[in-house]
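1. kindly generate the corresponding structure for this input.
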Amino acid sequence: MANYECAIRTNYFHVKDKEAFLEFTKKVVCCEDNLDVWEKTDKDGKTVFGFGCFSSIMGISEQPEEDEDTASYDNFIEELKKLIADDDAVIIFEIGREKLRYLNGTAEIVTSDDYTCLNLTDSAVNQARKMLNNSKWNTNYSY
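-> Model prediction:
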């Protein structure tokens with residue numbers, strides 16, 4: 001039996017409140033890793049942040065040292081939305097695999113007032129359908 005292994009990282013983005021954002025990141029629960037947070041200065045001299053880990057983000061918990069069952073991903077997204085600068089977006093990229101049984105790629109886009117998720121497999125199949133002019137075309141990409 002194989003385990004799902006992944007890596008997650010974001011783009012760099014602006015936040016409304018640096019201290020509140022850093023407190024938020026302390027509550028993030030990752031499956032088998034700790035969240036890394038990066039801070040740097042953009043071309044305009046403003047602070048931007050990014051984060052990532054070598055596992056899945058389970059969500060946030062008021063007690064992050066406790067087990068993953070207490071973490072809420074919905075709350076993670078909702079709290080993150082409150083912290084993002086109004087004119088910016090966080091893109092959470094996840095690339096994962098279970099041996100070579102399948103590969104997974106997603107991009108979750110979070111703004112201060114919206115959220116959506118793109119799936120690489122779905123996007124590729126939909127693009128192939130357009131290129132083949134066959135809306136029913138499908139394929140098998142896992143074993």
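2. per-residue confidence at the closest residue in space to residue 115 that isn't next to it in sequence?
-> Nearest residue to residue 115 in three dimensions, chain neighbours excluded: residue 77, at 5.7 Å (CB to CB, 6 or more residues apart in numbering). Where C-beta positions appear, they are placed from N, C-alpha and C, glycine not excepted. Note for residue 77: predicted pLDDT of 97.
3. which SS class is residue 77?
-> helix (DSSP: H, G, I helix; E, B strand; the rest coil).
4. so how far is residue 20 from it?
-> 16 Å (CB to CB, to the nearest Å).
5. with residue 104 instead?
-> Per CB to CB, residue 104 is found 31 Å from residue 20.
6. these two: who's more crowded?
-> Neighbours per residue (other CB atoms under 10 Å) separate residue 104 from residue 20, with residue 104 holding more: 15 against 12.
7. which stretches in the chain count as helices?
-> For the chain, helices defined by DSSP state H occupy the ranges 18-26, 73-83, 120-132.
8. for the ones you listed, which one sits closest to residue 114?
-> helix 73-83 (8.0 Å; CB to CB).
9. same question for that closest one: list its buried residues.
-> Neighbour-count burial for helix 73-83 flags 76-77, 79-80, 83 (criterion: 16 or more other CB atoms under 10 Å).
10. same check on stretch 100-110?
-> Buried-residue list, stretch 100-110, by 16+ other CB under 10 Å: 105-108, 110.
11. show me the shaky parts of this structure.
-> 63-68 (pLDDT under 70).
12. can you tell me the centre-most residue of it?
-> Nearest residue to the geometric centre of the chain (CA atoms, centre = their mean): residue 92, 3.0 Å.
13. list the contacts of residue 21.
-> For residue 21, the contacting residues are 15, 49, 83, by CB atoms under 8 Å, 6 or more residues apart in numbering.
14. for the first one, give me its contacts.
-> Read it as residue 15. Applying CB under 8 Å, 6+ apart to residue 15 gives the contacts 21, 49, 83-85.
15. okay, now the residue nearest to residue 106 when sequence neighbours are not counted: neighbour count?
-> Closest residue to residue 106 apart from its sequence neighbours, by CB to CB, 6+ apart: residue 94 at 4.8 Å. By other CB under 10 Å, 19 other residues sit near residue 94.
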